[in-house]
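In: sharing a model that was predicted from the sequence below.
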Amino acid sequence: MIRRFPLLSYFVLAYAFTWAIEIPVALGARGSIDFHLPMWIEALAAFGPFAAAIIVLRVTDGPDGVSRLLASLVRWRVPPLWLAMTVVPPFLVMIAALAMTGETGKLFSGQLCRDLMDAGKMLELIFISSLIRGVGEEPGWRGYALPMLREKHGPLVATLLLWPVWAVWHLPAFLARPEFAAGAAIGFTFGILAATAWTTLLYDKTRSVLMLVLWHTLVNITRGIAGSASGEAFMAYAQVTTLLGIAVIAYWLITRANDRYVRA
């Protein structure tokens, strides 16, 4: 099965590993069942995509395939321009979102960070909500699934194919937070489309999963800081991110980017 349908097998395994933890957590959060997990165990759900990629690569490509993935996870030598394009945009999006909602004063005065520290949430935001999710997700979605799609499709088509799979994978985690209404879900979904486009561009230019982990971590941190200011700032963050995604898609259309991915 895995050898015959490697990408489908990857998707099934990534969902199975993650949802086995997150569906009971979501049901517990909504009071449907009596189920609760320590935060650090719940965070392991983020490693479903990474674990799935390791298993599929081990079956289809052997140890060499796994080694290629792990090498990309520590590849830090990338063009300076694309290092900047990895690090800078999340902070610009955060500042833009706060400016749109009149919250920039809280950022530059340090109030937002102090509030997070006072609430004991800064370490949770940096490590559990951001770094762990980046390390758990990106080796699978961008280190395995994206290259598989790029071997057959241009960047835009690969992005549009990966987007719904990645978005739906988040569903149980979203349902575990009843405070999120339908509007937030819609904004998050379009934010995922924009993130998929941006990460496709970054991976094409750097071939570094490490850069994608860094980008994912910074996005979650800056989005969390914006969200701590207000719900409106959280939505504004999604809106600005969507505009960036549209800019990437426009770039592909204008340049008629249809180049095929060639394994490094």
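Out: It's in. Numbers count the residues shown, from 1 in each chain.
In: so the nearest residue to residue 185 once chain neighbours are set aside versus residue 20, what's the distance?
Out: Distance criterion Cβ to Cβ, 6 or more residues apart in numbering; nearest residue to residue 185, sequence neighbours excluded, is residue 174 at 6.2 Å. Every C-beta, even on glycine, is put in place using the N, C-alpha and C of the backbone. With distances taken as Cβ to Cβ, to the nearest Å, residue 174 is found 17 Å from residue 20.
In: what does residue 78 give?
Out: The value you get for residue 78 to residue 20, if Cβ to Cβ is used, is 35 Å.
In: do the same with residue 82
Out: From residue 82 to residue 20 the distance is 36 Å (Cβ to Cβ).
In: higher neighbour count, those two?
Out: Shown here are residue 82 and residue 20; by other Cβ atoms under 10 Å, residue 82 has more neighbours (17 against 12).
In: the more buried one sits in which helix or strand?
Out: helix 80-100 (DSSP states H and E).
In: same for that helix, what does it pack against?
Out: helix 104-108, helix 182-206, helix 209-229, helix 231-255 (3 or more Cβ pairs under 8 Å, 6 or more residues apart in numbering; DSSP states H and E).
In: please name whichever of those is nearest to residue 97.
Out: helix 231-255 (3.9 Å; Cβ to Cβ).
In: ok and the closest one relative to helix 80-100, angle-wise?
Out: 140 degrees (axes from the mean of the first three to the mean of the last three Cα atoms, to 10 degrees).
In: wait, residue 131 touches residue 215, no?
Out: No - counting by Cβ atoms under 8 Å, residue 215 is not a contact partner of residue 131; they are 11.9 Å apart.
In: more neighbours, the two?
Out: Neighbours per residue (other Cβ under 10 Å) separate residue 131 from residue 215, with residue 215 holding more: 24 against 20.
In: wait, residue 143 touches residue 75, no?
Out: No - Residue 143 is beyond contact range of residue 75, at 10.4 Å (criterion: Cβ under 8 Å).
In: hey, what's in contact with both of the two?
Out: Residues touching both residue 143 and residue 75 by Cβ atoms under 8 Å, 6 or more residues apart in numbering: residue 209.
In: understood, closing this out.
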